[in-house]
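Quick one, fold the following:
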Amino acid sequence: MDYYDSFPTPPVRYAFDDDDESEMEEQEQQQQATQSSCSVVARLSQAIPSEHKVTLLLGVHGPGSVLLEALHDTTSIGELVTAYPEDDKRTSTTTPILQLPSDTTTLVGIPFQHTVPREDAATFVRSIMTLFQNQIESVYVLDAFARTNYISAVREDDASPPLLRVLQTSATQAQHFEEYQPPNMVEAFTAAALAYCEIHHVPCYGFLSLQETYLGKPIVTSETLEAYTHGFQALNINIAYDLSKMEAAAKKQQIDQHHHRLYL
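Numbering: from 1, shown residues only. As a prediction, this is how the structure comes out:
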């Protein structure tokens, strides 16, 4: 055989086998990484009469949860309990379910005191919606955004709290809010809640309040929380909060005195 003779090559279908297998392995690994390994049990200690319609207020960890923790005359009526497999090092959490005073509808608030992991967001949303499945009248998700991450069609260098931007599902009726403009996107729990409500034709508002930062870390201020109350007032929902409770709840989420301190 001459040295310069070409060697036989495998058929094309075999040449791509290794690439296809590696791509499939990568896809499987990505799917496993994004699949939720937690279970969420939602339960009520006090039943809500079946004929009552429920308005859900879901406070994402941060300003949203602080506002719900600071409301007047709340009553604990249940909890969300998470459980993880034995080989998962994450700690189980318990989130309270609160009933809020209202003359017109049954207001239920859920302040998330921990960040809901992205991969568990859909599991949390499904558990909450199933608990109140036939009674939900509307849903409000209280989240926040930072000025540095927000892209606006109009220059807003002087934007400061209180400033509210809103996303809403097609089942809502009020159209007078300033929109959370594309290409900005919500993610994790807020995105999962809005998507669920859109699919199931549930009126849902995503209230996003401008959140300030200090030394690079988000902080909770009364001005940030005030934006939420403006949104509720526009929809004729009265939210009364205790200023001292608000300050105490916000203080728990402030940066500590040693954050970003430079040692020489």
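
alpha carbons only for contacts and neighbour counts from here, please
OK.

So which residues of this protein form helices?
Per DSSP state H, the chain carries helices over the ranges 12-15, 17-34, 63-69, 121-131, 188-199, 222-234, 243-251.

Out of these, which gets the lowest mean score?
Here the lowest mean pLDDT among the helices of the chain goes to helix 12-15, at a mean of 50.

can you count the residues close to Ala240?
Look at Ala240: counted by other C-alpha atoms under 10 Å, it has 15 neighbours.

Tell me how many other residues surround Ala193.
That count, for Ala193 with other C-alpha under 10 Å as the rule, works out to 25.

Next: Gly216.
Gly216, neighbours per other C-alpha under 10 Å, totals 10.

so how far is Ala146 from it?
Per C-alpha to C-alpha, to the nearest Å, Gly216 is found 10 Å from Ala146.

Could you do Val186 as well?
In terms of C-alpha to C-alpha, Val186 sits 12 Å off from Ala146.

likewise Ile77?
Going from Ile77 to Ala146 by C-alpha to C-alpha gives 33 Å.

repeat for Thr123
For Thr123 relative to Ala146 (C-alpha to C-alpha), the value is 26 Å.

Out of the two, name the residue with the larger neighbour count.
Legend: neighbour count by other C-alpha under 10 Å for Thr123 and Ala146, higher for Thr123 (19 against 14).

If Glu179 is in a bridge, with which residues?
Note on Glu179: beta-bridge partners by DSSP bridges are Val166.

That one: how many residues sit nearby?
15.

these two touch, right, it and Arg165?
Yes: using C-alpha atoms under 8 Å, Glu179 is in contact with Arg165, at 5.3 Å.

How many residues are close by Gln113?
For Gln113, using other C-alpha under 10 Å, the count is 19.

before we move on, what about Ile97?
Other residues close to Ile97 by other C-alpha under 10 Å number 25.

Identify the residues contacting it.
By C-alpha atoms under 8 Å, 6 or more residues apart in numbering, the contact set of Ile97 is Leu44, Ser76, Ile77, Gly78, Glu79, Leu80, Val108, Gly109, Ile110, Pro111.
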